[in-house]
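Enquirer: Just a sequence and a predicted model for now, questions to come.
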Amino acid sequence: MGKIRNHPRYYNVFVSGSLQNPQLYTKNLTVGNQIYGEKLITENGIEYRTWNPHQSKLAAILINNPETHLLRKGLKCLYLGAASGTTVSHLSDILINGIIYSVEFAERSMRQFIQNTSERENIIPILGDARYPVEFAKSVFTNIDLLYQDVAQPNQAEIALKNSQYYLSDDGILILLIKSQSIDSVKKSKKVYSQEKRILKEGGLEIVETINIHNYASNHLALIAKKI
Ligand SMILES: C[S@@+](CC[C@H](N)C(=O)[O-])C[C@H]1O[C@@H](n2cnc3c(N)ncnc32)[C@H](O)[C@@H]1O
């Protein structure tokens, strides 16, 4: 794959190979620890964790080279659907001086999440339900620059909208993963995607990019949106 180097476009993300067919990495914040069986590679005294787009949809999004500036130093992120921490752990590597409020409603996943991420000081685990943003408000004590949502729920756009209205700062960014089959298993994906986009637009969000990640996660589309 060649030498590991800074990704030319994404803050604190690393890459080897060509940008058309890249292998992504993040610098391991907790050296020696793996979270989900990812490979650890040391080059020039720095330990990197391979970031697999088949296991993390954020990696799949970045491989598609979005134009929006998604990551920067000190970013405050609200992450809905944290599961056991695969993607959150990479965000934690990237946003060393930031914070990632990580919401998950399944107790078992949250237990695993806490085991996996307890040494990472920039993560705040929240056992909560993304459908009811007000209920976990006391655990989120800063403005949110990046709202990331990956909860396989039937009303994904509506949940994203509620959380954007409640938490997202005026110049913040929403990344919404839409799984068409969580919404309707019979309707065609295209119809589901346009229905979800309409909900966001009617709620006052502008969709700035639509990224198809079917190659890595079947029936998933990523929307990047901002407040108007
Ligand atoms: C596809 S997994 C997320 C994977 C994770 N984003 C990653 O890349 O590491 C979806 C997660 O959302 C959680 N979830 C579903 N509905 C939720 C809700 N209403 N509130 C919080 N979490 C929810 C599920 O329990 C599951 O762990």
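Expert: The structure has been received and is ready for your questions. Residues are numbered from 1 along each chain as shown.

Enquirer: Got the domain ranges for this protein?
Expert: 5-51, 57-227 (automatic domain parsing).

Enquirer: I'd like those as CSV, with mean neighbour count appended.
Expert: For the C-beta atoms, the positions are set from N, CA and C on the backbone; glycine is no exception. Putting the domains of the chain into CSV (neighbours: other Cβ atoms under 10 Å) gives the following:
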stretch, mean neighbour count
domain 5-51, 16
domain 57-227, 19
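
Enquirer: Out of the ones you listed, the one nearest the ligand is which?
Expert: Of all these, domain 57-227 sits nearest to the ligand, with 3.1 Å by Cβ to the nearest ligand atom.

Enquirer: got the end-to-end distance for the closest one?
Expert: Start and end residues of domain 57-227 are separated by 23 Å (Cα to Cα, to the nearest Å).

Enquirer: How far does that domain sit from its chain's centre?
Expert: The chain centre lies 5 Å from the centre of domain 57-227; the measure is Cα atoms, centre = their mean, to the nearest Å.

Enquirer: ranges for the strands of the protein?
Expert: Per DSSP state E, the chain carries strands over the ranges 5-6, 14-16, 23-27, 40-43, 46-51, 76-80, 99-104, 123-127, 144-149, 168-179, 205-212, 220-227.

Enquirer: Tabulate the ones you listed in CSV, adding columns for mean pLDDT and distance to Glu158.
Expert: What follows is the strands of the chain, written out as CSV (pLDDT from 0 to 100; distance: least, Cβ to Cβ, whole Å):
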stretch, mean pLDDT, distance to Glu158
strand 5-6, 97, 38
strand 14-16, 97, 36
strand 23-27, 98, 31
strand 40-43, 97, 40
strand 46-51, 98, 30
strand 76-80, 98, 13
strand 99-104, 98, 16
strand 123-127, 98, 20
strand 144-149, 98, 11
strand 168-179, 96, 11
strand 205-212, 97, 12
strand 220-227, 96, 14
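
Enquirer: Turn those into a markdown table, including distance to the ligand.
Expert: Shown next, in a markdown table, are the strands of the chain (distance: least, Cβ to the nearest ligand atom, whole Å):
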| stretch | distance to the ligand |
| --- | --- |
| strand 5-6 | 23 |
| strand 14-16 | 19 |
| strand 23-27 | 13 |
| strand 40-43 | 18 |
| strand 46-51 | 11 |
| strand 76-80 | 6 |
| strand 99-104 | 5 |
| strand 123-127 | 9 |
| strand 144-149 | 8 |
| strand 168-179 | 8 |
| strand 205-212 | 15 |
| strand 220-227 | 9 |
